[in-house]
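Asker: Mind folding the following:
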Amino acid sequence: MNCFLTKSMSPMACSSAGPAGGIPAAGPPNELYRTPRAGEKTFVEAARHRRRTMARDAAGRDGDGGGGRARAAPLPARRDRPGPLTPAARPRGVLLVAGAALCWSSGGLLARLVDTDTWTTVFWRGIFCAAFLLVVTGAQARGAPSARAGGRAGTLGWPGLAMAVCFATASTCFINALARTSVANTLIIQSTSPFIAGLLGWLWLGERVGRRTWLAMAAALAGTALLASRSWAAGSLAGDLLALVTAAVFATAAVIVRRYREVNMAAAAGLAGLLGAAFAWWPARPGAADVQDLALLALFGCAQLGLGLILFTAGARLIPVAEASLIAVLESVLGPIWVWLALGETPSPASLAGGAIVLGALVVHTALDLRAARPAPAG
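Answerer: Residues are numbered from 1 along each chain as shown. Now for the predicted structure:
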């Protein structure tokens, strides 16, 4: 038998071939069974050669728009992961969050000056905050057409909605806590927010909280406790629980801001103002506010809350959440100072000593961070 057996053929197929030339006894010639001529590749060798050639061509055309098998596109970066922290951006983040704390620290003074009930204050504060942030969001959209075309300028998604709910809840609970317990109690419980944020940042984002940060947070908590040491007896359980909710949801919002950096946080903060107004709509009495109250409430919503949210959401993207929440504790120290300067309420010695501890811990921690972020001299 003059049969050329290939790897794809079985002995049974070979035995059925015809006599000469590997041609079957009946039917047209079959190239699979033909004996190769001198210098001619077999069928199997030719198939292998074609496969190797196609593979080389495909490899050479990957990425240049040609034919062949397309190279797998790289996986897009996950949006649910926080961006990298860079030493150069840290000073800016610290200053932005400190500016937010400065804005928020005026809340106690404005709450004392406004002559409206709690829910009416929450309502108008949210309305003015939302209007202010709506203007800011519109200005950002007009100034960044490429971002708007990419779909990020006006997109909130569930992270933006979650952040808005957290900030609206924190704002509402904070004002109601001030009405049901002492300012000192509210501030000391709210100062636990860095611990909650540090724990959430470690569990959710995997951010390591340094020993220096933990020590600074402990010092801030101790200083705030000393500041409020004479006011515990005047507190109530309902107000204290509301202050604890304020600390928890604020820490959660800080983690969301840090993790989802691509979300338009100005729009989310504006939504938070609307949600706060919606929470207070039923029990509020919007018509009870006079012109002077409306002016103070506009300042309360635009400068104290709106501008503070813009600064915080911008700065919290650049530094770890534990440090952002720690710097925000400045609100607890500066708040009584503004009341003292404007209304003549002299802080007690315990308040002064506690504020000095908190402020000292923050100054030392921030100064060490800024020193670490400074580039080393060349040479």
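Asker: how much space between residue 312 and residue 346?
Answerer: As for residue 312, its distance to residue 346 is 30 Å (criterion: C-beta to C-beta, to the nearest Å). C-beta: built from backbone N, CA, C; applies to glycine.
Asker: Could you count how many residues lie near residue 199?
Answerer: Counted by other C-beta atoms under 10 Å, the residues lying close to residue 199 total 15.
Asker: and if you look at residue 241?
Answerer: For residue 241, the neighbour count with other C-beta under 10 Å is 15.
Asker: Please pull up the helix or strand immediately following the host helix or strand of it.
Answerer: Per DSSP states H and E, residue 241 falls inside helix 237-259. Downstream of helix 237-259, the first helix or strand assigned by DSSP H and E is helix 265-280.
Asker: which outside residues touch that next one?
Answerer: Outside helix 265-280, the residues that touch it by C-beta atoms under 8 Å, 6 or more residues apart in numbering are 119-120, 122-134, 136-137, 140, 154, 156, 159-161, 163-168, 171-172, 257, 301, 305-306, 309-310, 313-314.
Asker: Whichever of these end up buried, select them in PyMOL.
Answerer: This is the PyMOL syntax for the buried subset of the contacts of helix 265-280, where burial follows 16 or more other C-beta atoms under 10 Å:
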select buried, resi 119+120+122+123+124+125+126+127+128+129+130+131+132+133+134+136+137+140+156+159+160+161+163+164+165+166+167+168+171+172+257+301+305+306+309+310+313+314
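Asker: In helices, which of the contacts of helix 265-280 appear?
Answerer: 119-120, 122-134, 136-137, 140, 159-161, 163-168, 171-172, 257, 309-310, 313-314 (DSSP state H).
Asker: Residue 312 and residue 346: which has the busier surroundings?
Answerer: residue 312 (29 against 10).
Asker: Who are the contact partners of the more buried one?
Answerer: Contacts here follow C-beta under 8 Å, 6+ apart; on that basis residue 312 touches 96, 97, 100, 254, 257, 324, 328.
Asker: and what of residue 93?
Answerer: For residue 93, the contacting residues are 315, 316, 317, 318, 319, 324, by C-beta under 8 Å, 6+ apart.
Asker: so can I have TSV of the residues you listed showing secondary structure, distance to residue 249 and pLDDT?
Answerer: Listed next are these as TSV, based on DSSP: H, G, I helix; E, B strand; the rest coil; distance: C-beta to C-beta, whole Å; pLDDT from 0 to 100:
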residue	secondary structure	distance to residue 249	pLDDT
315	helix	19	87
316	coil	15	80
317	coil	19	81
318	coil	22	84
319	coil	20	84
324	helix	15	79
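Asker: Nearest to residue 357 among the contacts of residue 312?
Answerer: residue 328 (16.6 Å; C-beta to C-beta).
Asker: Could you give the number of residues near that closest one?
Answerer: Neighbours of residue 328 (other C-beta under 10 Å): 28.
Asker: Please name the nearest non-neighbouring residue to it.
Answerer: In space, and not counting its chain neighbours, residue 328 is closest to residue 101: 4.9 Å by C-beta to C-beta, 6 or more residues apart in numbering.
Asker: Based on its surroundings, how many neighbours for that neighbour?
Answerer: Per other C-beta under 10 Å, the neighbour tally for residue 101 reads 23.
Asker: hang on, isn't it packed against residue 327?
Answerer: Yes. Look at residue 101 against residue 327 with C-beta atoms under 8 Å: they come within range, at 6.2 Å.
Asker: Could you tell me which of the contacts of residue 93 count as buried?
Answerer: Buried among the contacts of residue 93 (16+ other C-beta under 10 Å): 315, 316, 317, 318, 319, 324.
Asker: could you dump those residues to TSV with distance to residue 187?
Answerer: What follows is the buried ones among the contacts of residue 93, written out as TSV (distance: C-beta to C-beta, whole Å):
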residue	distance to residue 187
315	21
316	20
317	26
318	26
319	22
324	18
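Asker: tell me which of these is nearest to residue 198?
Answerer: Among the buried ones among the contacts of residue 93, and counting by C-beta to C-beta, the member closest to residue 198 is residue 324, at 10.1 Å.
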